[in-house]
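[1] structural data only, the sequence is not supplied:
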């Protein structure tokens with residue numbers, strides 16, 4: 001049995017299941033007698049002092065400059081806050097409730113205020129506040145910590161969440177993975193798990209699964225695919241073990257390239273970005289040395305959504321992505337809806353030929369309210385980092401005109417609502433021959449262009465990209481597609497507009513010399529292939545790449561192109 005979760009720390013972990021819970025009794029809302037009020041207030045004061053002492057004990061063996069120390073310190077500061085303590089005592093007295101009810105109400109009130117803040121990082125602190133409330137409630141019932149000191153074998157912990165203090169005292173030599181039901185990508189637990197190199201899945205509702213995960217059950221956490229395997233078969237276990245060993249060997253060999261400049265031996269620089277479809281992928285692109293995101297497929301966020309995320313939800317999502325990137329560029333593609341992508345939460349009509357129907361920018365222009373909501377969220381998120389916005393399936397300048405008019409409407413609405421927003425760079429995904437031929441009319445309106453070779457191949461060769469029977473006969477490495485890529489680069493160079501490629505073609509290390517030789521400024525790549533591509537770049541010479549590309553563009557047969565690609569790759573070994 002296997003179930004998916006959200007990866008926040010990559011890797012593969014093996015271990016026995018251990019579920020840790022607070023096991024708190026339900027809140028007692030019974031009215032207190034006058035005589036009981038003082039007793040509950042004293043109990044609260046004692047629990048706060050005990051919890052502070054416990055947190056300070058956790059800090060004792062930590063360096064004051066480390067993340068663990070600082071995160072625990074923030075909990076201590078909150079507990080020591082006199083105003084907070086006064087609110088708790090007043091609530092017990094005024095409403096004649098027990099200390100646990102006062103803690104639940106006051107801390108949830110503070111968490112709600114925090115989550116309403118525009119700053120997504122501060123808003124995510126609400127999770128930590130609720131988590132601290134649970135620990136204080138535990139202290140009220142005489143339970144301060146879990147004793148994991150007796151662990152002697154590899155263990156995968158399953159918990160609702162962990163505080164920084166609890167994480168700090170984990171016996172990390174025996175904790176191989178974490179499965180948490182709550183938390184977020186920028187939560188403290190996620191930060192600490194990544195820093196410790198512990199594979200972790202968040203928002204994994206293990207307590208709600210039909211099959212209860214018993215303590216001691218064999219688990220395998222696949223932090224590459226996001227799967228948790230429960231009591232895997234011997235065959236699956238061995239496959240995952242082999243996968244882990246292969247991944248370790250491969251990564252160790254490639255890691256020496258991670259922080260090296262992405263340039264050829266003769267000094268030609270090419271920016272290497274990552275293609276992602278969700279926040280969990282963004283959270284660990286720095287593991288492979290990506291210089292930012294070249295394609296964020298936002299429609300992937302809607303695949304299983306019951307309703308379209310509203311402006312605020314999208315704003316927080318994009319802002320979370322920017323915080324994860326720590327200053328690197330985020331290139332957001334507006335919803336690419338239609339064709340082979342069915343989105344249950346959005347209206348889509350049945351079309352005889354959906355690949356040639358209402359998709360990409362066409363869908364956005366046909367549903368302006370959906371488009372404007374997304375644009376407003378992206379504009380607001382641009383206050384938190386460097387954002388590039390690109391439109392899919394643009395084939396003619398009139399579509400750009402219409403898109404920019406809607407963007408102006410979005411800005412006007414934000415101004416009327418007194419919501420601040422940042423500056424965007426604008427681009428398109430070149431995916432049709434028409435886009436290539438119409439590019440000169442559109443380039444004055446653009447800051448960059450990205451070539452989507454998956455659809456460019458489909459529309460150039462009239463071959464359905466979802467049909468496996470056509471893949472070999474109509475590959476992207478065909479004379480027509482290569483000529484269109486070359487034409488796109490030429491148009492962009494003449495207009496001094498940056499040109500990128502975000503299709504799967506860019507994730508093939510053997511094709512890297514051709515693409516760089518054609519003059520591409522950037523490549524946006526599947527993160528799993530980024531280091532392999534980087535090696536091909538670093539170990540090559542730009543002058544050789546240019547001659548290679550010139551040779552390839554003269555070839556007229558698919559077989560000859562593939563032979564030339566393979567031969568060049570062999571010469572570089």
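    Received the coordinates, thanks. All values reported here derive from a predicted model rather than from experimental measurement.

[2] longest single helix anywhere in the protein?
    Criterion DSSP state H: the longest helix present in the chain is helix 34-59.

[3] other SSEs contacting that helix?
    Applying 3 or more CB pairs under 8 Å, 6 or more residues apart in numbering; DSSP states H and E, one finds that helix 34-59 contacts helix 67-80, helix 82-95, helix 99-115, helix 120-140, helix 164-168. Using the backbone N, CA and C atoms, a C-beta is placed for each residue, glycine as well.

[4] now do stretch 221-228: everything it contacts.
    Contacts with stretch 221-228, where a contact means CB atoms under 8 Å, 6 or more residues apart in numbering, come from 2-7, 9-15, 156, 176-177, 179, 199-201, 204, 206, 219-220, 229, 240, 243, 247, 280, 528.

[5] could you turn the buried ones of the residues you listed into a ChimeraX selection?
    Selecting only the buried entries of these in ChimeraX, with 16 or more other CB atoms under 10 Å as the criterion:
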select :3,5,6,7,9,10,11,12,13,14,15,156,176,177,179,199,200,201,204,206,219,220,229,240,280
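
[6] so which of the contacts of stretch 221-228 sit within strands?
    Of the positions in the contacts of stretch 221-228, 2-4, 6-7, 9, 12-15, 156, 176-177, 179, 200-201, 219-220, 229 sit in strands, assigned by DSSP state E.

[7] roughly how far does the residue most central in space within the chain sit from residue 86?
    The chain has residue 279 as the residue nearest its centroid, 1.8 Å off, counting by CA atoms, centre = their mean. Distance of residue 279 to residue 86, given as CB to CB, to the nearest Å: 38 Å.

[8] and for residue 410?
    Residue 410 sits 44 Å away from residue 86, going by CB to CB.

[9] what do you get for residue 350?
    62 Å.

[10] neighbour count winner among those two?
    With neighbours defined as other CB atoms under 10 Å, residue 350 and residue 86 compare such that residue 86 has more, 10 against 6.

[11] report the buried residues of whichever strand or helix holds residue 442.
    Here residue 442, judged by DSSP states H and E, is contained in helix 433-442. By neighbour count on 16+ other CB under 10 Å, the buried set for helix 433-442 is 433, 435, 436, 438, 439, 442.

[12] is it true that the fifth one touches residue 449?
    Yes: between residue 439 and residue 449 a contact is recorded at 7.2 Å, counting by CB atoms under 8 Å.

[13] find residues that contact each of those two.
    Common contacts of residue 439 and residue 449 (CB under 8 Å, 6+ apart): 430, 488, 492.

[14] which of these has the most neighbours?
    Among the shared contacts of residue 439 and residue 449, the one with the most neighbours (other CB under 10 Å) is residue 430, at 35 neighbours.

[15] partner residues bridging that residue?
    residue 451 (DSSP bridges).

[16] which residues touch it?
    By CB under 8 Å, 6+ apart, residue 430 lies in contact with 436, 439, 449, 450, 451, 452, 456, 488.

[17] closest one of these to residue 549?
    Each of these was scored against residue 549 by CB to CB, and residue 488 proved nearest at 13.7 Å.

[18] that closest one and residue 450 touch, don't they?
    No: shown here, residue 488 and residue 450 do not form a contact pair, counting by CB under 8 Å, at 9.7 Å.

[19] need the residues touching each of those two.
    By CB under 8 Å, 6+ apart, the residues touching both residue 488 and residue 450 are 430, 499.

[20] let's verify the nearest residue to residue 473 once chain neighbours are set aside: helix, strand, or coil?
    By the measure of CB to CB, 6 or more residues apart in numbering, the closest residue to residue 473 outside its immediate chain neighbours is residue 463, 7.4 Å from it. What DSSP: H, G, I helix; E, B strand; the rest coil gives for residue 463 is coil.

[21] what does residue 463 show for phi and psi?
    Note on residue 463: backbone dihedrals following degrees, to the nearest 10 are phi -130, psi 120.

[22] need the contact list for it.
    Residues near residue 463 by CB under 8 Å, 6+ apart: 457, 470, 473, 474.

[23] kindly report the same for residue 507.
    By CB under 8 Å, 6+ apart, the contact set of residue 507 is 275, 525, 526, 529, 530, 533.

[24] export those residues to CSV and append columns for neighbour count and secondary structure.
    As requested, the contacts of residue 507 are exported to CSV (neighbours: other CB atoms under 10 Å; DSSP: H, G, I helix; E, B strand; the rest coil):
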residue, neighbour count, secondary structure
275, 26, strand
525, 30, strand
526, 18, coil
529, 17, helix
530, 29, helix
533, 24, helix
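
[25] nearest to residue 105, of those?
    Comparing the contacts of residue 507 against residue 105 with CB to CB places residue 275 closest, at 45.0 Å.

[26] looking at strand pairing, list the partners for the closest one.
    Partner residues in beta bridges with residue 275, using DSSP bridges, are residue 295.

[27] list the contacts of it.
    By CB under 8 Å, 6+ apart, residue 275 lies in contact with 293, 294, 295, 297, 502, 507, 524, 525, 526, 527.

[28] would you confirm that the fifth one contacts residue 297?
    No: with contact defined as CB under 8 Å, residue 502 does not reach residue 297; the gap is 9.6 Å.

[29] quick one: which of the two has more around it?
    More crowded of residue 502 and residue 297, by other CB under 10 Å: residue 502, with 27 against 18.

[30] and the more buried one, what are its phi and psi?
    Dihedral pair for residue 502: phi -120, psi 10, per degrees, to the nearest 10.

[31] now do the phi/psi pair for residue 460.
    phi -80, psi -40.

[32] check what pLDDT residue 190 gets.
    Note for residue 190: predicted pLDDT of 69.

[33] no, scratch that, I was asking about residue 274
    Predicted confidence (pLDDT) for residue 274: 93.

[34] ok, now which ones touch residue 527?
    Residue 527 neighbours (CB under 8 Å, 6+ apart): 274, 275, 276, 281, 284, 285, 288, 290.

[35] check which helix or strand covers residue 142.
    Here residue 142 is assigned to no helix or strand, by DSSP H and E.

[36] doesn't residue 205 make contact with residue 181?
    Yes: contact criterion CB under 8 Å: residue 181 and residue 205 qualify, at 5.8 Å.

[37] so which of these two has more stuff around it?
    The neighbour comparison of residue 181 against residue 205 (other CB under 10 Å) goes to residue 181, with 17 against 10.

[38] and that one, backbone torsions?
    Main-chain dihedrals, residue 181, degrees, to the nearest 10: phi -80, psi -30.

[39] for it, which non-adjacent residue is closest in space?
    Computed as CB to CB, 6+ apart, the closest residue to residue 181 that is not its neighbour in sequence is residue 160, at 5.0 Å.

[40] go on, residue 18?
    The shortest distance from residue 18 to any non-neighbouring residue, by CB to CB, 6+ apart, is to residue 155 (5.0 Å).

[41] so how many other residues sit close to the one you found?
    Residue 155 has 22 neighbours, counted by other CB under 10 Å.

[42] for it, list each beta-bridge partner.
    Applying DSSP bridges to residue 155 gives these bridge partners: residue 16, residue 175.

[43] tell me where the stretch 301-450 of the chain has helices.
    Taking DSSP state H, counting those that start in this stretch, the helices of the stretch 301-450 of the chain run over residues 311-325, 361-366, 368-381, 397-416, 433-442.

[44] elements contacting the third one?
    Using 3+ CB pairs under 8 Å, 6+ apart as the contact test, the elements touching helix 368-381 are helix 311-325, helix 361-366, strand 387-391, helix 397-416.

[45] nice, that's everything, thank you.
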